[in-house]
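Student: everything below, folded, please.
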Amino acid sequence: MSHPSAIRQPVEPTIVTGGERRLAFEHWLLASAKDMSQAREEWRTYGVALLRLGVRLAAIRISAHLVHAGAGTDDPDAVSAYLERVLLGGPVFVDREVQRYFALVPPSTGRRREWQLARDDAEFIGPGHYLGVPSVDATSPQDGRSFWSVEFESAGALASPGAVKALVDHCRLRAAQQASAQGGS
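Tutor: Below you'll find the model as predicted:
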């Protein structure tokens, strides 16, 4: 028979605020910086910080043209909703100046055969590269040139490589259909 002090008491549920989630994600991202304080200063000054890829995270860079074809729109809110749905909440940011979306994925994604050949419309970027990643507070087009289109669910929760591959395949199909329809009219 168990001793009464060994009986487990019910655990109260913990509520994590959005601010706490952002702070946890910020710390997780900063672990990829060469210099954490410099990265924080870059976020404050420029809105983006250069982070090393290959240890904690990597990215699939996808052309905005392709993503907009798949979403059927270039409206930022509609594109964000589309990406959140098809990538199952995996984090994505957009750099409007270079017209690219960046889905954050595990570094091991680069070992998958489908990502070993670079293409203009979508490619894996990982070890040996740096990426300008927006501040975790940049969550809308009003926040600058680069912002989170799909915010992170939690620190370390990345997009599924399979979901990103399915997204890219679908977007390529939609872009080809649109080009064919425009050519035939």
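Student: how about R61, secondary structure?
Tutor: strand (DSSP: H, G, I helix; E, B strand; the rest coil).
Student: OK, contacts around it?
Tutor: R100, Y101, F102, A122, E123, F124, I125 (CB atoms under 8 Å, 6 or more residues apart in numbering). No exception for glycine: its C-beta is placed from N, CA and C like everyone else's.
Student: surely A103 is within a strand?
Tutor: Yes: applying three-state DSSP, one finds A103 inside a strand.
Student: just give me the neighbour total for the residue lying closest to L30 once chain neighbours are set aside.
Tutor: Spatial nearest neighbour of L30, chain neighbours left out: M36 (4.6 Å); criterion: CB to CB, 6 or more residues apart in numbering. Counted with other CB atoms under 10 Å, residues neighbouring M36 total 15.
Student: L51 contacts P134, correct?
Tutor: No: using CB atoms under 8 Å, L51 makes no contact with P134, being 10.5 Å away.
Student: where does the protein dip in pLDDT?
Tutor: Where the chain drops to pLDDT under 70, the residues are 1-18, 116-118, 184-185.
Student: ranges for the strands of it?
Tutor: Here the chain has its strands, by DSSP state E, at 48-52, 58-63, 92-95, 100-105, 122-125, 130-134, 146-150.
Student: re earlier: how close does the residue nearest to L30 get to P91?
Tutor: From M36 across to P91, the span is 19 Å (CB to CB, to the nearest Å).
Student: picking up where we left off before, let me have the contacts of R61 in a markdown table, extended by neighbour count and distance to S180.
Tutor: Output for the contacts of R61, formatted as a markdown table (neighbours: other CB atoms under 10 Å; distance: CB to CB, whole Å):
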| residue | neighbour count | distance to S180 |
| --- | --- | --- |
| R100 | 21 | 24 |
| Y101 | 25 | 23 |
| F102 | 25 | 28 |
| A122 | 24 | 20 |
| E123 | 17 | 24 |
| F124 | 23 | 28 |
| I125 | 19 | 30 |
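Student: out of those, who's nearest L29?
Tutor: Lowest distance from L29 to the contacts of R61 (CB to CB) belongs to F102, with 12.7 Å.
Student: run a quick neighbour tally on the residue nearest to that closest one when sequence neighbours are not counted.
Tutor: What sits nearest to F102 in space, not counting adjacent residues and going by CB to CB, 6+ apart, is A59, at 4.5 Å. Using other CB under 10 Å, A59 has 28 other residues around it.
Student: OK, contacts around the residue sitting nearest the centre point of the chain?
Tutor: Nearest to the geometric centre of the chain sits V92, at 2.5 Å (CA atoms, centre = their mean). Applying CB under 8 Å, 6+ apart to V92 gives the contacts L83, Y101, F102, A103, L104, W148, S149, V150, A159.
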